[in-house]
Each structure stands twice: as C-alpha cells, then as structure tokens.
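Undergrad: my questions are about this predicted structure, shown below with the sequence.
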Amino acid sequence: KRSPEPSLLRKAPHLTGRRTAIDPDPPVTRKAIDAAPSHDAGAKVDNETASTGSAGNVTSGLSLDTDVSSLDSVADFSTPFDRLVDFFVVMGADMNVENKKTKKPTDLGFETKFIDCVPKQREDMEFPMEMPQFCFPGGCKLSCEQKETKVFNFVLTASSGDLLFLSAAMMYEPITSAQLSELYWDRSISLPAWLSNAEDGATYYLPKTIAVVSHYPYYDAQSQFLHELVRLKNVGSPLPLERYIANFVYDIPLPRPGGAAVRWNCFGRSEAGLELVMGSPNKLPMVFFSYEPLFRTLSVTNVMTVWGALLQEGKVVLRSNHLSLLTPVAEALLSLLFPFTWQGMYIPILPNNMVDVIEAPVPFLVGIHGECHNEQPQGVVICDLDEDIVHLGYDYNGKVGSMPVLPRQASLKLKTELSEMVDQMYLIPACGLKGRVTRGSEELMSNSQREIWGHMSILKESSNVDLREQILSDAGSVKMTAAGEGEDDENVESNNSEEGEGSNDGGQQPLTPKRVVGLSYAGMKNQRERVTKFFYDRNTRLENAVRNMFLTFLTSLLCDYKTYHFQTFRKQAYLTTFIGNSKELAESVIMSQMFEQFLTGPEARRSLFDKCIARGNANEVSKEPEGGKMGRLTRAEIKQKERASANAIIPQPPYDAGVW
C-alpha cells in the first residue's frame with residue numbers, strides 16, 4: 001500500500017524571526033516512529049493550510065513538523081563540514097498581499113519566507129538567511145499557467161567567507177481566485193479589477209522552491225536528488241518523502257580524498273543512483289557539473305573570448321532567460337582557469353534587486369536571469385548565452401571594446417583542438433551566425449576587426465531555427481514519469497550508446513554526442529529529446545580533455561615562471577622574456593590577484609602545474625579517480641576502477657518502519 005502524499009512539499013511551519021528563532025523541536029527517535037500510528041488516505045487536512053490557499057494537504061509518516069536530526073546516522077563526523085549536506089530547505093510565498101495596484105495577475109508579487117528546514121540548525125555554521133532572494137531571483141510572482149519544475153544551481157558566500165553550493169527545484173502550485181480574494185479581504189484591501197472580473201474557479205499558480213545546501217559542489221548529485229524527489233511527489237512514493245530527505249541529509253557520508261566512492265541509490269532506479277568521489281590533492285581538481293551547457297550555447301570563439309577576459313581579471317556578465325544555464329556555464333569557465341583560482345566577485349545567479357552590482361569597480365563574474373535592462377557599464381563584457389553573442393561595449397577609456405589579445409600560435413592551436421572536439425555539440429542560433437561579437441553600441445565586429453583566432457562563421461541551417469530554443473527551454477525540467485513509464489528501453493539504450501554521456505565503464509565510447517546540425521524536420525523531435533535528456537549529464541573524458549587543452553595553453557605561456565620565483569617573484573625581469581601578444585597577456589596575468597594567490601596559496605596547485613611544465617603534456621597528470629584519459633582505458637585502469645567499485649561505501653537505505 002502506498003503512503004498518501006507527504007506534507008513536506010505542501011505545508012510546513014514557517015521559520016520566523018532572527019537566526020536564533022530557528023529552534024529544534026523535541027527529538028523523535030526511531031522507536032517513537034515505530035510506535036506512531038500510521039496514516040492513510042483519509043488523513044485530516046490541515047485547517048491552517050486550507051485557509052492560506054493550499055488544497056489537499058495531508059500528513060503522513062514522518063513529518064518535518066518534528067525534528068528528524070536525532071535519527072541514527074551512518075556517518076558520525078566530528079570535524080567541521082565533514083558532511084555532504086548542510087541543510088534541506090523549503091521556501092515559498094508568505095501569502096501577505098500589499099495595497100498596491102496590479103493591472104494583471106503577473107504583477108502580483110509576494111515576499112518569500114522559509115517554510116521548513118532540515119536540520120533546524122547547525123552548531124558549526126550560520127543559517128544562510130539570504131537564500132530566498134537567490135532561489136527567487138525574479139521575485140515570487142503569480143503565474144497564469146503552471147510552469148514546468150526547473151532545477152538550477154547557484155553559489156552563496158557565507159558570513160564566515162566560506163562558499164556554499166546550492167541546488168534548488170522551483171515548482172508551481174495552484175491557488176484559486178477565491179483563495180486569492182480571501183487574502184485581500186483578510187487585510188481589508190479592495191480587489192484589483194483582474195481578480196474581481198475573474199471567472200469562478202479560475203486557477204493561478206505560485207512558485208515554491210526546495211533547496212539543498214552544501215559546502216561541497218556536488219551539483220550533479222544534489223540536482224539528481226531533487227529531480228527524483230519531485231518526480232516521486234508527482235507520481236507517488238512508496239515511502240514518505242521525509243524519509244528520503246532524512247536519509248540524504250544524515251546518512252550519506254562525505255567521500256575521502258582519493259578514497260572509496262560512496263554509492264547511494266535509495267530511489268530504486270538504476271538511472272537515479274549516485275556515485276560520489278573526491279579526487280586526490282595531487283590531481284586535477286574534479287568537476288561536478290557538465291561542460292555541455294557551455295559548448296552547446298557558446299561557440300569556441302566566444303568561449304575563448306570570455307575566458308580571455310576572465311584570465312585578465314575582467315568584468316563579465318552572463319545573461320540567459322534559462323535559469324538552469326547560468327551556473328554550469330560560469331563554473332565551467334572558472335574551472336578552465338586552473339591552476340589559477342578566481343579572486344573576484346562571483347555570483348552566478350544575481351537577484352534582480354542586486355543588478356547594480358555590475359557597476360562595481362572590482363573584477364566579477366555574475367549571471368543575470370532575464371533581460372539586462374541596465375546600460376552596459378564601461379569595461380564590462382556581457383555574454384548572451386541564449387543567442388551566442390558577446391557584447392564588448394566600451395572600455396574604461398570610452399573607446400570601443402576589443403577582443404582579448406592572446407598569443408597567435410597558442411590560441412590557434414587551442415581553437416583548432418577545441419573545435420575538433422566540441423563543434424558537433426554547438427546549437428546554431430536562428431540567424432545562422434556562429435561566434436557573434438559586438439562592440440560599442442552593439443556594432444557587429446567583422447572578421448577584419450578581430451583577432452585571427454576569433455573569426456566568425458556563417459552556418460545556414462534552416463532546419464535548426466527552432467531547435468536551439470527548444471532544447472534550452474526543455475533542459476533542466478523535471479520529467480514527471482514513473483520508473484519505466486513512457487520510456488522505450490531500446491530507445492534509452494540507443495540514446496546512451498550514441499550520446500556517450502555520464503558513463504563510468506571502461507569501454508570505448510564516442511567522445512561527443514552525434515551532430516545535431518543539419519537534421520531534417522522529421523528527425524528534429526527525436527534528436528531534441530535526446531540532447532535534452534543528456535544536456536546536464538557529465539562526460540568525464542570530454543571534461544578532462546578540454547581542461548588539458550587550456551592547461552597546456554597556460555603552461556606554454558608561463559613555462560619559465562619558476563626561474564624568477566625565489567622568495568619574491570621578479571615580475572619585471574620575467575616580463576622582459578616575452579614579445580608580441582604574449583607579453584601583453586603575460587603582463588595582465590602576472591599582475592593579477594589570481595597569480596599572486598597562485599604563488600602564495602596551496603603548494604599542491606603549483607606542484608601539479610610544475611609537473612605539467614616539466615613533462616610538457618598536461619595529459620600525463622590529468623587522471624581522476626572516476627575518469628581515465630581520453631580514448632580507451634588500459635587494463636590496469638579498468639581493474640583499478642573495478643576494485644574501487646567493489647570497495648564502494650553503500651549507506652543504509654531510507655528508514656521504512658511503520659510503512660506498509
């Protein structure tokens with residue numbers, strides 16, 4: 001017998017007041033759960049919930065109205081942040097209307113509030129109270145249609161200076177015109193014209209967000225968990241959803257650097273299983289996100305343009321109408337700066353009420369959801385991910401902007417190698433132009449005005465006019481199907497074999513998905529579904545190869561830096577060894593905060609970079625525990641993976657007592 005729909009994603013207590021107001025409720029033990037009476041489909045509806053406009057709210061099994069932090073846990077860590085998940089948070093509208101004129105339903109906005117949190121508090125960190133404005137970057141506004149549930153990621157900086165990595169799922173829940181009217185009447189406010197003229201039973205929708213907070217950027221694991229949680233909420237769950245949440249928050253240990261993997265599959269579907277690993281300090285840092293969004297949306301020319309601006313600690317704005325795109329693209333760009341670590345301001349999803357940040361006099365990388373209505377400040381590069389356009393605007397002196405100056409030979413080699421690998425992934429925009437760059441008042445730069453590595457291409461593909469927007473719109477959505485429902489096993493197997501994404505076995509696989517350009521209209525739908533399905537899936541071999549290309553570029557630029565580094569770094573003496581374009585780029589890099597942090601920061605990064613320089617091949621030191629080099633894995637690597645898989649840590653499944 002299935003449990004009735006749990007109450008967590010529908011209704012839970014509001015966390016009010018200051019940080020000290022988030023107090024834990026009386027503890028609940030496993031014995032108490034065993035002794036608790038079970039609930040069936042006839043469970044009582046929460047009266048308070050009904051009055052606020054959410055219908056059909058029933059409680060079942062373990063509710064987050066109680067504190068689940070005392071449940072026995074597999075992991076018992078004592079050191080700070082030695083855990084996978086810090087918090088699981090539910091946020092939504094506060095349901096308080098204000099006496100403001102609204103001409104249409106979408107003008108009505110609400111303040112946001114915390115609905116619930118697991119655990120209620122952590123002794124070793126402050127609760128991130130600023131979360132709601134980032135989970136609702138455009139505000140919590142009424143919608144006339146039920147939008148698809150979207151999963152997206154973002155980064156916050158805690159008061160302690162630590163980075164917090166969050167994954168969130170935004171869903172839309174119904175509210176009737178009658179329930180909206182009650183909100184106005186309760187505050188003695190007259191109804192707006194659009195509401196008073198609404199049909200009886202008219203339905204609108206309000207956003208609600210659930211989020212996972214962590215000190216570690218396991219974006220793929222967090223996003224997969226939220227996908228499955230929302231799917232179970234809609235198709236039915238064999239256990240109360242609170243059990244899955246408690247299991248994810250408390251029972252999943254943090255992998256050890258270079259140690260055994262943690263394998264977790266509590267949802268009972270092979271494709272929903274998670275395998276968590278943490279790389280060794282003497283290896284390339286692992287990435288926990290896909291490079292596909294970067295190379296699907298931006299041409300190689302524009303990737304190099306934005307990367308060059310970041311390498312010189314410029315000011316970069318990423319813009320997209322698709323919330324799920326911003327953080328993966330930003331994270332991918334920053335990962336390509338290795339061995340350097342970005343030292344500027346970093347806000348991959350910038351709330352609309354903070355858009356003035358782009359006028360800050362410091363280096364930054366920020367993402368804006370929707371249109372950027374502010375005038376482009378001088379010295380700021382705006383990258384439109386939806387259209388593959390880089391707007392250079394004007395420089396700090398009021399002159400028209402220019403593309404980054406990169407060494408001719410190294411940049412041409414980088415472009416050639418990248419193009420051979422990722423060009424097949426690129427989604428051609430409707431205009432058929434690949435690699436558009438504008439400057440000044442959005443004047444399109446011709447090839448004669450560009451660096452030779454930055455030439456634009458014309459690719460007329462009329463059959464793909466709508467394909468790009470369709471894929472970007474669908475990617476990140478949660479598919480509401482039960483396990484095995486609506487899927488053709490043969491097609492799924494074909495998809496996996498053709499795409500070659502996200503697989504960890506040792507067999508030979510294609511490097512990139514099949515080419516999507518030049519399809520007939522008859523084949524568009526099938527290809528769109530395939531590309532969308534794997535849009536955010538990782539391809540470790542592709543990620544390693546791309547990073548090696550950029551790392552090789554940097555080793556060729558700074559191959560002699562160590563000769564001039566003894567106690568202090570002799571910058572001016574080192575710069576005399578460069579000529580031409582190399583000198584201009586080297587000067588920008590050497591004078592940057594990133595280079596200073598590289599010299600004074602962790603020894604492991606310098607050692608790895610020195611090893612790359614000494615061997616003259618970044619590929620020699622790029623192997624990750626889960627990846628392997630480009631091409632077929634050796635027998636030794638396959639055996640090593642098999643041993644690691646056999647020694648994987650498998651946490652206990654969700655607690656199922658009291659459910660039948």
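TA: Thanks, I have the structure now. Nothing here was measured: the structure is a model prediction, and the numbers come from that model.

Undergrad: what segments of the stretch 401-550 of the chain are strands?
TA: Using DSSP state E, counting those that start in this stretch, the strands of the stretch 401-550 of the chain run over 433-434, 436-439, 443-444, 457-458.

Undergrad: who wins for proximity to Tyr655 among these?
TA: The closest of the strands of the stretch 401-550 of the chain to Tyr655 is strand 433-434. By CB to CB, the value is 53.0 Å. Backbone N, C-alpha and C define where each C-beta goes, glycine included.

Undergrad: helices or strands next to that closest one in the packing?
TA: Using 3 or more CB pairs under 8 Å, 6 or more residues apart in numbering; DSSP states H and E, the elements in contact with strand 433-434 are strand 457-458.

Undergrad: mind listing the strands the strand it packs on pairs with, and their directions?
TA: strand 433-434 (antiparallel) (DSSP bridges).

Undergrad: quick one: mean pLDDT for the partner strand?
TA: Here strand 433-434 scores 86 as its mean pLDDT.

Undergrad: helices or strands up against the helix or strand that contains Ser223?
TA: Assessed by DSSP states H and E, Ser223 sits inside helix 219-235. Secondary-structure packing of helix 219-235 (3+ CB pairs under 8 Å, 6+ apart): strand 150-157, strand 163-176, strand 203-214, helix 241-250, strand 274-276, helix 323-335.

Undergrad: tell me which of these sits nearest to Ile349.
TA: strand 150-157 (4.1 Å).

Undergrad: chain center to that closest one, what's the gap?
TA: 6 Å (CA atoms, centre = their mean, to the nearest Å).

Undergrad: now swap in stretch 399-412 and tell me
TA: Offset of stretch 399-412 from its chain centre (CA atoms, centre = their mean): 29 Å.

Undergrad: what's that stretch in contact with?
TA: 304-305, 308-309, 311-312, 381, 392-395, 437, 439-440, 443, 445, 450-454, 553, 556-557, 580-582, 584-585 (CB atoms under 8 Å, 6 or more residues apart in numbering).

Undergrad: dump the residue contacts of Val381.
TA: 305-306, 309, 314-317, 390-393, 401 are the contacts of Val381 under CB under 8 Å, 6+ apart.

Undergrad: before we move on, the earlier item: give me the buried entries from the contacts of stretch 399-412.
TA: 304-305, 308-309, 311-312, 381, 392-394, 437, 439, 445, 450-451, 453-454, 553, 556-557, 581-582, 585 (16 or more other CB atoms under 10 Å).

Undergrad: just to revisit the earlier point, narrow the contacts of stretch 399-412 to those in helices?
TA: Using DSSP state H, the subset of the contacts of stretch 399-412 located in helices is 304-305, 308-309, 311, 553, 556-557, 580-582, 584-585.

Undergrad: rebuild those residues as CSV, extending it with distance to Ser419.
TA: Supplementary listing: those in CSV, determined by distance: CB to CB, whole Å:
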residue, distance to Ser419
Met304, 10
Thr305, 14
Gly308, 16
Ala309, 20
Leu311, 20
Phe553, 14
Ser556, 19
Leu557, 20
Gly580, 24
Asn581, 20
Ser582, 22
Glu584, 24
Leu585, 21
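
Undergrad: which one among the residues you listed gets closest to Ser190?
TA: Nearest member of the ones in helices among the contacts of stretch 399-412 to Ser190, counting by CB to CB, is Ala309, at 51.7 Å.

Undergrad: how long is stretch 296-304 from one end to the other?
TA: 14 Å (CA to CA, to the nearest Å).

Undergrad: out of the strands of the stretch 401-550 of the chain, which is closest to Ser160?
TA: With CB to CB as the yardstick, what comes closest out of the strands of the stretch 401-550 of the chain is strand 436-439 (39.8 Å).

Undergrad: could you give the separation of that closest one from the chain centroid?
TA: Worked out by CA atoms, centre = their mean, strand 436-439 lies 27 Å from the chain centre.

Undergrad: so which residue is dead centre in this protein?
TA: Asn153 (3.3 Å; CA atoms, centre = their mean).

Undergrad: flag the shaky bits of the stretch 1-150 of the chain, pLDDT-wise.
TA: Scanning the stretch 1-150 of the chain for pLDDT under 70 picks out the ranges 1-80.

Undergrad: let me fix that, I meant to ask about the chain.
TA: 1-80, 268-272, 373, 460-466, 479-530, 617-646, 656-660.

Undergrad: surely Gln652 is within a strand?
TA: No: going by DSSP: H, G, I helix; E, B strand; the rest coil, the assignment for Gln652 is coil, not a strand.

Undergrad: please report how far it lies from Phe88.
TA: 18 Å (CB to CB, to the nearest Å).

Undergrad: just want to know which of the two has more residues nearby.
TA: Phe88 (25 against 13; other CB atoms under 10 Å).

Undergrad: list the helices and strands the helix or strand where the more buried one lies packs on?
TA: Using DSSP H and E, Phe88 maps to strand 87-93. Judged by 3+ CB pairs under 8 Å, 6+ apart, strand 87-93 is in contact with strand 112-118, helix 131-135, strand 203-214, helix 241-250.

Undergrad: which residues touch that strand?
TA: 8-9, 12, 64, 110-119, 122, 127-128, 131-132, 135-136, 140, 206-213, 245, 248-249.

Undergrad: the closest residue in space to Pro377 that isn't next to it in sequence: how many residues sit nearby?
TA: With sequence-adjacent residues excluded and distances taken as CB to CB, 6 or more residues apart in numbering, Pro377 is closest to Glu359, at 5.1 Å. By the criterion of other CB under 10 Å, Glu359 has 12 neighbours.

Undergrad: quick one on the thing from earlier: tell me which of the helices and strands packed on strand 87-93 approaches Pro105 most closely.
TA: Judging those by CB to CB, what sits closest to Pro105 is strand 203-214, at 5.7 Å.

Undergrad: check which helices and strands that closest one sits against.
TA: By 3+ CB pairs under 8 Å, 6+ apart, strand 203-214 packs against strand 87-93, helix 131-135, strand 140-141, strand 163-176, helix 177-186, helix 219-235.

Undergrad: please identify the most buried of the ones you listed.
TA: Mean neighbour count (mean count of other CB atoms under 10 Å) peaks for strand 87-93 among these, with a mean of 24.

Undergrad: related to what we said a few turns ago, pick the one among the contacts of Val381 closest to Ala202.
TA: Val317 (38.5 Å).

Undergrad: neighbouring strands for the helix or strand the closest one falls within, and are they parallel or not?
TA: Here Val317 sits within strand 315-320, counting by DSSP H and E. Note on strand 315-320: by DSSP bridges, its sheet partners are strand 364-369 (parallel), strand 380-384 (parallel).

Undergrad: save those strands as CSV, and put in distance to Val97 too.
TA: Below are the strands paired with strand 315-320 laid out as CSV (distance: least, CB to CB, whole Å):
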stretch, distance to Val97
strand 364-369, 25
strand 380-384, 35
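
Undergrad: so which of those is nearest Phe535?
TA: Closest approach to Phe535 among those is made by strand 364-369 (17.3 Å; CB to CB).

Undergrad: contacts for that closest one, please.
TA: Under CB under 8 Å, 6+ apart, the answer for strand 364-369 is 137-138, 310, 315-321, 323, 326-327, 329-330, 333-334, 342, 344-350, 352, 355, 357-358.

Undergrad: okay then, goodbye and thanks.
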